[in-house]
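> got a sequence here, can you build the structure:
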Amino acid sequence: MKKTIVIAVTLLSATLASADERKFSAADVPAARIKQNGRIVISNDSNHITAFRFFDNIREALVSVRTLRSLVTHATGSVFDSNARLDTQMPPYLSSLITEASRTHGVDPRLVAAICRRESAFNPNAVSRVGAGGIMQLMPATARYLGVSDVFDARQNVFAGTRYLRTLLDAFNGDMDLAVAAYNAGPGAVRKYNGIPPYAETRAYVVAVRANYERSLRSN
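So this is what the prediction gives:
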């Protein structure tokens, strides 16, 4: 499937040079011979062309062609930099894990750290009242989808949580607040309300994560 998507992206890349964002169904690229009834969508903006596959209410990026080696995008007034350095207000092993996972998946490590702080206070053994576990508090269904065999394994948890966060950032076009809200309430709720859901917990969550993230920006 990925080879087919690469073909589709290659076919589009020569014609999608403008900075205006455009979205295409796979059905619009007949030469790629993708028969998914519109479930694969190709999105183009000034920085990258990305092919998405839909899985229930989650949109997963299959392949992305970017003009920069590392992800640097502007989202709701903040700058995402996957090569940013973390502060030292966490265990050193976790700082290394977050840094590595963030570079692997193209996410700002300061945002990942802000979510870890809010979710579990960096506790790899944390369990929520609804059954989410580990540093990034992965729900069982999400962990299975991401291929995690042990949510309490710090490396598996952080890499999977960071990958999922990148999926959400892709799904909501780099909007940090919407991606963070989706991490808490689910992408379906964000799409249902066309914005941050009107849940007190989710709104407080977004405020807290953004505050932690912006604090890291200032400290850097």
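> below-threshold pLDDT in this structure: ranges please.
1-80, 88, 220 (pLDDT under 70).
> buried stuff in the lengthiest helix in the chain?
Among the elements of the chain assigned as helix by DSSP state H, the one spanning the most residues is helix 200-219. Of the residues in helix 200-219, those scored as buried under the neighbour-count criterion (16 or more other C-beta atoms under 10 Å) are T202, Y205, V206, V209, R210, N212, Y213, S216. Every residue, glycine included, has its C-beta placed from N, CA and C.
> cool, and stretch 180-195?
Applying a neighbour-count criterion of 16+ other C-beta under 10 Å, the buried positions in stretch 180-195 are V180, A181, A182, Y183, N184, A185, G186, P187, A189, V190, R191.
> quick one: contacts for the first one?
In this case it means V180. With contacts taken as C-beta atoms under 8 Å, 6 or more residues apart in numbering, V180 has the following neighbours: L111, I115, Y205, V206, V209, R210.
> rewinding a little: list just the nearest of the buried residues of stretch 180-195 to S96.
Minimum distance to S96 across the buried residues of stretch 180-195 is 22.1 Å, recorded for Y183 (C-beta to C-beta).
> would the closest one count as being in a strand?
No. Checked against DSSP: H, G, I helix; E, B strand; the rest coil, Y183 lies outside a strand; its state is helix.
> wait, doesn't it sit right on Y164?
Yes. Contact between Y183 and Y164 holds when scored by C-beta atoms under 8 Å: they sit 7.4 Å apart.
> let's have the buried residues of helix 200-219 in JSON lines, adding distance to A171.
As requested, these are arranged in JSON lines below (distance: C-beta to C-beta, whole Å):
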{"residue": "T202", "distance to A171": "16"}
{"residue": "Y205", "distance to A171": "18"}
{"residue": "V206", "distance to A171": "16"}
{"residue": "V209", "distance to A171": "17"}
{"residue": "R210", "distance to A171": "18"}
{"residue": "N212", "distance to A171": "22"}
{"residue": "Y213", "distance to A171": "19"}
{"residue": "S216", "distance to A171": "23"}
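> so which residues of this protein form helices?
With helices called from DSSP H, the chain shows them at 2-13, 92-105, 109-120, 140-145, 154-171, 176-185, 187-193, 200-219.
> and the longest one, what does it pack onto?
Secondary-structure packing of helix 200-219 (3 or more C-beta pairs under 8 Å, 6 or more residues apart in numbering; DSSP states H and E): strand 78-81, helix 109-120, helix 176-185.
> which of these sits closest to A154?
If you check each of those against A154 by C-beta to C-beta, helix 109-120 wins as the nearest, at 10.1 Å.
> that closest one packs against which elements?
Identification of packing neighbours for helix 109-120 by 3+ C-beta pairs under 8 Å, 6+ apart yields helix 92-105, helix 154-171, helix 176-185, helix 200-219.
> rerun that using 10 Å as the cut-off
In terms of contacts (3 or more C-beta pairs under 10 Å, 6 or more residues apart in numbering; DSSP states H and E), helix 109-120 is packed against strand 78-81, helix 92-105, helix 154-171, helix 176-185, helix 200-219.
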